[in-house]
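Have a look; sequence and predicted model below, questions after that.
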Amino acid sequence: DIHPRGIQKNRLMHALRCTVRCLRPFRAHRRFFSAAPTYVSTRGGMSEMGFGDAVLQGLASDRGLMVPTSIPEFPSGSVEQWRGLNFQELAYEVMKLYVPETEIPEADLKDIINRSYSTFRSPDITPVVPLDDKLAVLELFHGPTFAFKDVALQFLGNLFEYLLAQRNIELMTVLGATSGDTGSSAIHGLRGKKGVQCFILFPDGRTSPIQERQMTTVLDENIHNIALQGNFDDAQNIVKALFSDPAFKKEYNLGAVNSINWARILAQTVYYVYAYLKVTEPGSSDKVSFSVPTGNFGDILAGYYAKRMGLPVADLVVATNENDILDRFFKTGSYSRTACLETLSPSMDITISSNFERFLYHMAGDDAAFMKEKMTAFEATGELIGDENLVNACKAEMKSAMVPDTEVLETIGAYEKKFGYVLDPHSAIGVAAAMKVGTEAPKMVSLACAHWGKFPVAVEKAVGPEAMAKLSLPDTLEKLDEMETRKYVIKADEVAVKEFIINQLA
């Protein structure tokens, strides 16, 4: 084992290791010292691709989801060094680990981030509000549509526009399904964007009136609201079916805004780091727990990635409503589809959690063949049974709790009375689940996903008319009733939706 120049290989490797150790202090400052990951499908049917192509790809052609081939780690000591950064500065530090500078130069990525969060009402972007010594609420509703999805979709809208211009692509047809908040956030992120036509499918009559009007009052020519005569699962299945049609996807250059799009998960990872830094003291070695209202599993998946990257996270709590496919899996090992129930938290009225596939892929050791077999069977039968090793791996990463509507109302009423703090129904599920599961960590952060003003009927039922009369609805939401609307009512049928899109783009 002699090197051609006479140096033994072990001596050469020792020299290389020394060089790497010398360069370590600079890793936090220069993007090129750690290569950003490439992206593959959870089902193994696509070749590796770069960040920008993965974002534009949306759903993989084999019906899988795009995942990074490796999960970058925060440089040693970097989280502590990030104290004092504002949200935009922190977003750059986290996102650059996944975005090669050869694809998006530093100045351009910072510009995309800064423009994305200039639309938020709070200078903190996602402020953290302590309720007592242990529990804090991470307010994610200060964007244009008063919902957590603005954090990712304001970024994704600007990212789409940048990537399309970079590639000289004249048209992207963005297709999304929504149970309430994704649609309005996507619409407000994409309205007026050059080269983008946006089609949003929502279940007619199964979102809150304010959620619907936030979508249908946007009359820009590139926005098309489809009121589907079905439920959210119908909408999501149609979207996946259209993405799985190679000819249609190619001809109309489909792009995704649902949390099946990797960029959404990446953007949401940032606020876990931000919240951690807000609830811990400088130099602290404490871990922090998070309780996450969960429907499509994208938000809590972002927390899992943050933990894998090195954020000191104790517990991740999956908080569901009575559409409890996830809670049942964590308790029984059975991931089985049931009828979709209408609850006080419509954005979580989901019986198939798309992003759960990404999590299972990682829990199965990034085994694409295994995931293809399991998800193909699930799509055929509506049931996935996890073996003991898989279920135990999942339970080691997350805990879960289901919160019925009765407890949602009780939680909203109790916290308004005790703290003068008003939770929306989705945020109340996170708080109630946090109390049910508990944590040994000194701090529990519950994610507040929407402003209470989007769900005034449920809130009044919880707090009573006297307390409700003292609350003021934000002007932006109050004015929605006076605005013109536009929507297209279509039956829940793949062919009907496809024909509508073709006619609108003709």
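Yep, it's here.

Between the two ends of stretch 289-304, what distance do you get?
11 Å (CA to CA, to the nearest Å).

Now do that stretch: distance to the chain's middle.
Its chain's C-alpha centre and that of stretch 289-304 lie 8 Å apart, by CA atoms, centre = their mean, to the nearest Å.

For the stretch 401-506 of the chain, just list every one of the strands.
Assigned strands in the stretch 401-506 of the chain, in chain order: 443-448, 488-491 (criterion: DSSP state E, counting those that start in this stretch).

Single out the most deeply packed of the ones you listed.
Across the strands of the stretch 401-506 of the chain, averaging neighbours per residue (mean count of other CB atoms under 10 Å) puts strand 443-448 on top, at a mean of 26. Where C-beta positions appear, they are placed from N, C-alpha and C, glycine not excepted.

For that one, C-alpha coordinates in CSV please.
Taking Å, rounded to 0.1, in the frame of the first residue of the first chain, the C-alpha atoms of strand 443-448 are listed here in CSV:
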residue,chain,number,x,y,z
LYS,A,443,-39.7,24.2,28.3
MET,A,444,-42.6,23.2,26.0
VAL,A,445,-43.3,25.3,22.9
SER,A,446,-46.7,24.8,21.3
LEU,A,447,-47.1,25.9,17.8
ALA,A,448,-49.9,28.4,17.2
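
Just checking: what are the partner strands of that strand?
The pairing partners recorded for strand 443-448 under DSSP bridges are strand 135-139 (parallel), strand 288-293 (parallel).

T280 is nearest to which of the strands of the stretch 401-506 of the chain?
Among the strands of the stretch 401-506 of the chain, the nearest to T280 by CB to CB is strand 443-448 (7.0 Å).

got the contact list for the closest one?
128, 134-141, 148, 275-276, 279-280, 286, 288-293, 299, 315, 423-424, 427, 430-431, 434 (CB atoms under 8 Å, 6 or more residues apart in numbering).

Buried members of the residues you listed into ChimeraX, please.
Listed next is the ChimeraX selection for buried residues among the contacts of strand 443-448, using 16 or more other CB atoms under 10 Å:
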select :128,135,136,137,138,139,140,141,148,275,276,279,280,288,289,290,291,292,293,299,315,423,424,427,430,431,434
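
quick revisit: quick check: which of the strands paired with strand 443-448 is nearest to D53?
Smallest distance to D53 across the strands paired with strand 443-448 (CB to CB): 29.1 Å, for strand 288-293.

pLDDT averaged over that closest one - what is it?
The average pLDDT within strand 288-293 is 98.

quick one: it to chain centroid distance?
14 Å.

State the number of residues packed around the nearest residue to D220 once chain neighbours are set aside.
Closest residue to D220 apart from its sequence neighbours, by CB to CB, 6 or more residues apart in numbering: R191 at 4.4 Å. R191: 17 surrounding residues under other CB atoms under 10 Å.

Quick one: the helices in the stretch 301-450 of the chain, in order.
Along the stretch 301-450 of the chain, counting by DSSP state H, counting those that start in this stretch, helices occupy 325-332, 356-363, 368-381, 388-397, 405-419, 425-437.

Let me know which of the ones you listed is tucked in deepest.
By mean count of other CB under 10 Å, the helices of the stretch 301-450 of the chain have helix 425-437 as the most buried, with a mean of 27.

Verify the stated contact: K110 with A91.
No. Counting by CB atoms under 8 Å, K110 sits too far from A91 to count as a contact (9.1 Å).

Settle it for me: which of the two has more neighbours?
A91 (28 against 17).

Could you list every helix and strand that the helix or strand hosting that one packs against?
For A91, the host element (DSSP states H and E) is helix 87-95. If contacts are counted by 3 or more CB pairs under 8 Å, 6 or more residues apart in numbering; DSSP states H and E, helix 87-95 sits against helix 106-117, helix 262-279.

give the contact list for I260.
I260 makes contact with 58-59, 65, 354-355, according to CB under 8 Å, 6+ apart.

same check, this time on S41
With the criterion set at CB under 8 Å, 6+ apart, S41 makes contact with 60-62, 64-67, 368.

What's the separation between it and T406?
According to CB to CB, to the nearest Å, S41 and T406 sit 41 Å apart.

could you dump the strands of the stretch 401-506 of the chain to TSV with distance to L171 and mean pLDDT?
Below are those laid out as TSV (distance: least, CB to CB, whole Å; pLDDT from 0 to 100):
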stretch	distance to L171	mean pLDDT
strand 443-448	35	98
strand 488-491	20	97
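
would you list those in CSV and tack on distance to L159?
Shown next, in CSV, are the strands of the stretch 401-506 of the chain (distance: least, CB to CB, whole Å):
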stretch, distance to L159
strand 443-448, 23
strand 488-491, 27
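
between those, which gets nearest to L175?
strand 488-491 (13.4 Å).

Partner strands of the closest one and their direction?
According to DSSP bridges, strand 488-491 has the following sheet partners: strand 223-229 (parallel).

Could you give me the buried positions within the partner strand?
So strand 223-229, judged by 16+ other CB under 10 Å, has buried residues 223-228.

Take the helices and strands packed on helix 87-95 and write them to CSV, including distance to C449 and mean pLDDT.
Output for the helices and strands packed on helix 87-95, formatted as CSV (distance: least, CB to CB, whole Å; pLDDT from 0 to 100):
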stretch, distance to C449, mean pLDDT
helix 106-117, 18, 98
helix 262-279, 11, 98
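
Please identify which of these is closest to K307.
That would be helix 262-279 among the helices and strands packed on helix 87-95, by CB to CB, at 8.0 Å.

tilt between the closest one and helix 87-95?
For helix 262-279 against helix 87-95, the angle by axes from the mean of the first three to the mean of the last three CA atoms, to 10 degrees is 120 degrees.

could you check the angle helix 106-117 makes with helix 262-279?
Using the same axes, to 10 degrees: helix 262-279 against helix 106-117 is 80 degrees.

burial count for the nearest residue to T119 once chain neighbours are set aside?
Nearest residue to T119 in three dimensions, chain neighbours excluded: P144, at 5.3 Å (CB to CB, 6+ apart). P144: 19 surrounding residues under other CB under 10 Å.

thinking again about what came up before, residues contacting the residue nearest to D220?
With contacts taken as CB under 8 Å, 6+ apart, R191 has the following neighbours: 198, 218, 220, 222-223.

Most neighbours among the residues you listed, which one?
Most neighbours among the contacts of R191, by other CB under 10 Å: C198, with 26 neighbours.

Excluding residues flanking it in the chain, which one is nearest S47?
Nearest non-adjacent residue to S47, counting by CB to CB, 6+ apart: V40, 7.7 Å away.

ok, the one you found touching S70?
No. V40 is not in contact with S70 according to CB under 8 Å; the separation is 10.6 Å.

Look at those two and report which has more neighbours.
Neighbours around V40 and S70, counted as other CB under 10 Å, are more numerous at V40. The numbers are 23 against 12.

Tell me the secondary structure at the more buried one.
With DSSP: H, G, I helix; E, B strand; the rest coil as the basis, V40 sits in strand.
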